[in-house]
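Undergrad: got a sequence here, can you build the structure:
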Amino acid sequence: MSGLAFDTLKYTKRLREVGVPEPQAEVQAELLAEALADRLASKEDLTRVEKQLDAKIESTKAELQRDIKELDAKIESTKAELQRDIKELDAKIASTKTELQRDIANVEAKIEASKADTIKWTAGMFAAQTALIIGAMFAVMRPNQPPPQLPVAQEMRVPAPPLPGQGSPAQVR
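TA: Below you'll find the model as predicted:
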């Protein structure tokens, strides 16, 4: 028995008092002592297990601290990556914003140019229509007047000289 406090004599004595024969009481006391010795832990057993548990706890604490340091390093690395990515995105956003502002300015300039062209064409068409309408009005207002007489043009050809051996040009005809 490893330090187990079981009083076999007291147990045997008590069994005899209740009428159990002495050899049977002694055997029962021995068997019970063996069973208890195998099943129950002694103070030394508990102390040994406690030391093992303390060692395991310390080992686990060390592992946890190492894991925490690794996680902290990974967190810092991830933070740095995220900050770099955020800066890149900010730069892209600023670039895109600048491009959009430039594109908007170009579109506005094209709209203004289109307005000017539209105004020019509209004014030109208005002037042409006005001229046509005024011309049509003058044409309608003079329907009873005879068309102007143009002077009759005279022929301005000079008669060709007669060829040798021929008579006058009037005879040739």
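
Undergrad: can you give me the offset of the lengthiest helix in the chain from its chain's centre?
TA: Counting by DSSP state H, the longest helix found in the chain is helix 43-141. Averaging C-alpha positions (Cα atoms, centre = their mean, to the nearest Å) puts helix 43-141 8 Å from its chain's average.

Undergrad: how does the chain divide up, domain by domain?
TA: For the chain, the domain assignment from automatic domain parsing gives the residue ranges 1-40, 42-114.

Undergrad: sort out which residues of stretch 48-67 are buried, please.
TA: By neighbour count with 16 or more other Cβ atoms under 10 Å, stretch 48-67 contains no buried residues. C-betas here are computed from N, CA, C, even on glycine.

Undergrad: got any ranges where this structure has weak pLDDT?
TA: Within the chain, the segments meeting pLDDT under 70 span 1-5, 143-148, 153-156, 166-173.

Undergrad: can you pull up the most central residue in it?
TA: Nearest to the geometric centre of the chain sits L89, at 10.1 Å (Cα atoms, centre = their mean).

Undergrad: what separation do you get for that one and L82?
TA: The gap separating L89 from L82 is 10 Å, by Cβ to Cβ, to the nearest Å.

Undergrad: and E34, by the same measure?
TA: 67 Å.

Undergrad: what is the neighbour count of T118?
TA: Per other Cβ atoms under 10 Å, the neighbour tally for T118 reads 10.

Undergrad: for it, what are its contacts?
TA: Listed by Cβ atoms under 8 Å, 6 or more residues apart in numbering, T118 has no contact partners.

Undergrad: among the domains of the chain, which is the most enclosed?
TA: Most buried of those, by mean neighbour count (mean count of other Cβ atoms under 10 Å): domain 1-40, with a mean of 13.

Undergrad: quick one: contacts for L89?
TA: The neighbourhood of L89, defined by Cβ under 8 Å, 6+ apart, contains no residues.

Undergrad: can the domains of the chain go into CSV with extra columns for distance to W121?
TA: Converted to CSV, the domains of the chain look like this (distance: least, Cβ to Cβ, whole Å):
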stretch, distance to W121
domain 1-40, 111
domain 42-114, 10
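
Undergrad: of the ones you listed, which is nearest A127?
TA: domain 42-114 (20.3 Å; Cβ to Cβ).

Undergrad: for that closest one, the distance to its chain's centre please.
TA: Mean-position distance between domain 42-114 and its chain equals 18 Å (Cα atoms, centre = their mean).
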